[in-house]
Structures are given as C-alpha cells and as structure tokens.
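Trainee: quick check, what structure comes out for this input:
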Amino acid sequence: MVENKERLIDATKRLLDSGTSEEDAKQSMTEIGVPEHEADNIVKQAKKISAIAGKSIEDPSIAIVDKSDSMEGDFWGSNEGNFFKNRNFFKNKSQVKKTKETPNLLGNLMPSIKEDEPETKHATLKQYKYKKTNIRETIPVLVSDFDKLVDRRGLKKGDTILISGGAGTGKTTFGMQFLYAGAKQRREKGVYLTLEETTEKIKENMMENFGWDLDALEKEGLLAIIKIDPLTIARAVEATLTKERGGLYIEFEQFDLPFQFDLPFKPDRVVVDSLSALSIAFMENSQGYRQYLRHLFETLEKYRSVNLVFGETEQSPKIYSRHGVEEFLADGVIVFYNIKVHNSRENALEILKLRSSRHAKKLVPYKITDNGFEVYIDEEIFRED
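Mentor: Alright, predicted model coming up:
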C-alpha cells in the first residue's frame, strides 16, 4: 500500500537524520520482513527526501514528498507491509521542537502533530465522512429474570460485557445458561471459550447439576465449547512484540494475532472464561496483555454477537478488574458479590455500567439452584459494613 510505504520511508528518514547508519536502517527493516531490495529503495528515497527538505528551507517551491519511484508490489499489498511510527524518533529532545503528548488507549505516549509546522502529507487528518447509523438488534439474555433489570430487556449485538466476581459466585453457570437458553429458546448459536476448565468437566458439571445436555446442542451445531491454552496466546503476542528493532516495529492491530482457535460457525453469543487466566499467562508482560485484550475485544465486536467475558476478583470487590483496562474496554460491567450477612454469606449482582441501555441500580439477590442461576429482582439484600 502506498500509505504504508510512505510511513516507513518517513520513519527511515528520521532514523538517518538522528545519526543511524544506512546499514543499521536496512537491517532494521529486513529483520521485520522487508525484502532487501525494498529496504535499499526505501533508504535511497529517505536520503533523497532529507536532501530536498534541506534545500526547501532556502527554496519553499521545492516539493518535500518524492513520488517518482513506484510504490507498487506484492509486499506492500500484504499484511507484512504495515508499519508505523518510530518510538525512538525523539530520543534527543534537545534536537527537535517540543510537541504535545497525548495518552493513547494502551497508556503509552504518542507524539502529536506539531502545531508550529506547515501541514505536510505525513501530518494530514483524514477527511470526515458521514456514515449512516444502524440500530443494532437487542437480544434477551434469558437467564432467569435478569432481562427485567435492563430497560431494553436484553443486550445489544456487538456489545462485550465484563462479568466480575470472586471464585464460586456463579460466573460459569451464568455464562453457560446464557448460551443454553439462547440455543433452546431462540436457536441461536453459542461459543464457550474456556481458558481454565476442560470441556469434559464443564459438560459433566452442567449435566449433573442442572440437567443441561450440552452434547446434544453440539451435535445440532448450536454450541461449541473450545479449550484454549492462555500460555500459547501469551507466547505468540510476546514473539510479535520482540520483533521490534532499531525503532521500527510492526503495527500490532494489523497482525493476525491468534485467538489460537478457529470458530466452527458465526456465533450469536460468546462467552470467554476467563480474562484472569489470560492475565496470569502474560505474567510481567502487562503491555502485551493490554494490547491483546484490545485485539480480543475488537475481534468479538466484529462477530456482531453478544459477548460475556469473565474476570476474577475478590468476593466483595471494590476493584472490578486486574488491570483496569478491562472495564474501560467493556460496553458493560456486571459484578457478582458474595456478601457476608451476619454469620452467613449471600450472593447479589449489580449492573455497574451498561452503555446501551438504562438499567436498575441496586444490589439484586440471586442463588444457584437446581434450575441454574436464579435472580430475585423483587427482593433486597442487607450487607454488613
């Protein structure tokens, strides 16, 4: 793509201007998959632009961007050709004009457009285009009376909801009932992605505890339970991030980073159990976890399904996710509590956030019974402080 190559030329120009040798610049590009002949061509164009830019100070009529060389080729039409800005462009702040810094989604700082410089091709904003609003369909959750807590009586397709709670608060039961009821009552297809329990244990527990025959739904093509290894995902992400070299790195969002599974069908409902297991697999690589989490949420949104993702917290949490980014990315946050009342504990849920609809703002008791997850919307719970 022309734009991708121009961005890489600009990055190479800045490297050369900062004192990096031509050989090091070429090696940086070949290390991340750029063919040698393309790397040579990029260095030549970067040098040419630097020379023209130097002359343009004396003669403003000289163009800064050179498009004389062909930008076409198989490499630039592939995912391997997607690159963007150099993290180390501004190592020596005394040599460049100061810019404003704006935090991006992942928490690091990206240099913004310089206000005191003339607009160039590399600093132009995309032209605004009108896009018609499409009203997304709302589908009922179908877990006991939960839908009565939401004004729209369900969740919007494309929404991803974070369900936070301590161990044993019923997250797995809620998620599986969400899929089971959707399949039985509406013939909707569901996918359960487990990063902890095996598929055999989940099916066995659901059959023995509630009489839900998940095997039958799998045979009908209405349900898929898929076991994922979180360590495999963490290693794949880390391998991608370590391809950085010499300040040039591959644009993370353009990579086909794996979920490490293939879906057998386009789902209407998805459950991910759980983000906590994924977070532990990344260990100290919090940047990789945050980036993959955004990749996960964006991919789920593209399915146009209703998605539930689970997060492990304390029994009566005041913090609802391990890193804070989970609840920021989610379209809604539901918390399951295990509350101490006198000498026993009771369960209650609370909808903390739901972007797509107004909702009840109170603690609502629930229990795990022989019928599954039962919500008691007309009852109240009194907690000890």
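
Trainee: ok now do residue 172, which residues does it touch?
Mentor: Residues near residue 172 by CB atoms under 8 Å, 6 or more residues apart in numbering: 197, 202, 273, 310. For the C-beta atoms, the positions are set from N, CA and C on the backbone; glycine is no exception.

Trainee: low-scoring stretches of the stretch 201-350 of the chain, by residue?
Mentor: 240-262, 314-324 (pLDDT under 70).

Trainee: returning to what we had before: farthest-apart pair in the contacts of residue 172, please.
Mentor: 202 and 310 (13.0 Å; CB to CB).

Trainee: these two: who's more crowded?
Mentor: Using other CB atoms under 10 Å, the more surrounded residue of residue 202 and residue 310 is residue 310, with 24 against 20.

Trainee: the more buried one against residue 273, yeah?
Mentor: Yes: if you go by CB atoms under 8 Å, residue 310 and residue 273 touch, sitting 4.9 Å apart.

Trainee: who touches both of these two?
Mentor: 171, 172, 175.

Trainee: which ones are touching the closest residue to the first one other than its chain neighbours?
Mentor: On the basis of CB to CB, 6 or more residues apart in numbering, the spatially nearest residue to residue 171 that is not a chain neighbour turns out to be residue 310, at 4.7 Å. Shown in contact with residue 310 (CB under 8 Å, 6+ apart): 162-165, 171-172, 175, 271-276.

Trainee: quick check: phi and psi on residue 333?
Mentor: Dihedral angles of residue 333 (phi, psi; degrees, to the nearest 10) stand at phi -130, psi 120.

Trainee: distance check, it against residue 41.
Mentor: 50 Å (CB to CB, to the nearest Å).

Trainee: break this structure down into its structural domains.
Mentor: Domain segmentation of the chain under automatic domain parsing yields 2-123, 138-375.

Trainee: please, where are all the helices along the stretch 251-385 of the chain?
Mentor: Under the criterion DSSP state H, counting those that start in this stretch, helices of the stretch 251-385 of the chain are mapped to 275-282, 286-302, 325-329.

Trainee: among those, which is the most enclosed?
Mentor: Mean neighbours per residue, mean count of other CB atoms under 10 Å, is largest over the helices of the stretch 251-385 of the chain for helix 275-282, with a mean of 21.

Trainee: check which helix or strand covers residue 212.
Mentor: Here residue 212 is covered by no helix or strand, with elements defined by DSSP states H and E.

Trainee: that one is in contact with residue 206, isn't it?
Mentor: Yes: using CB under 8 Å, residue 212 is in contact with residue 206, at 4.4 Å.

Trainee: what sits in contact with each of the two?
Mentor: 176, 180.

Trainee: what about residue 43, neighbour count?
Mentor: 20.

Trainee: how close does it sit to residue 5?
Mentor: 13 Å.

Trainee: quick one: contacts for the closest residue to residue 348 other than its chain neighbours?
Mentor: Distances taken as CB to CB, 6+ apart put residue 363 closest to residue 348, at 4.3 Å, once the chain neighbours are dropped. Shown in contact with residue 363 (CB under 8 Å, 6+ apart): 337, 339, 348, 349, 350, 380, 381, 383.

Trainee: neighbour-wise, which one of those leads?
Mentor: For the contacts of residue 363, the largest neighbour count, defined by other CB under 10 Å, is 25 neighbours, found at residue 337.

Trainee: bridged to it, which residues?
Mentor: residue 348 (DSSP bridges).

Trainee: wait, it sits on residue 364?
Mentor: No: contact status for residue 337 versus residue 364: not in contact, 10.0 Å apart, counting by CB under 8 Å.

Trainee: how about the nearest residue to residue 221, chain neighbours excluded?
Mentor: residue 265 (6.6 Å).

Trainee: could you pull out the strands for the stretch 101-250 of the chain?
Mentor: 101-103, 109-111, 138-139, 155-156, 160-165, 190-194, 223-227, 249-250 (DSSP state E, counting those that start in this stretch).

Trainee: now these as JSON lines including distance to residue 301 and mean neighbour count?
Mentor: Below are those laid out as JSON lines (distance: least, CB to CB, whole Å; neighbours: other CB atoms under 10 Å):
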{"stretch": "strand 101-103", "distance to residue 301": "22", "mean neighbour count": "10"}
{"stretch": "strand 109-111", "distance to residue 301": "23", "mean neighbour count": "13"}
{"stretch": "strand 138-139", "distance to residue 301": "15", "mean neighbour count": "19"}
{"stretch": "strand 155-156", "distance to residue 301": "11", "mean neighbour count": "24"}
{"stretch": "strand 160-165", "distance to residue 301": "7", "mean neighbour count": "26"}
{"stretch": "strand 190-194", "distance to residue 301": "15", "mean neighbour count": "24"}
{"stretch": "strand 223-227", "distance to residue 301": "19", "mean neighbour count": "20"}
{"stretch": "strand 249-250", "distance to residue 301": "22", "mean neighbour count": "20"}
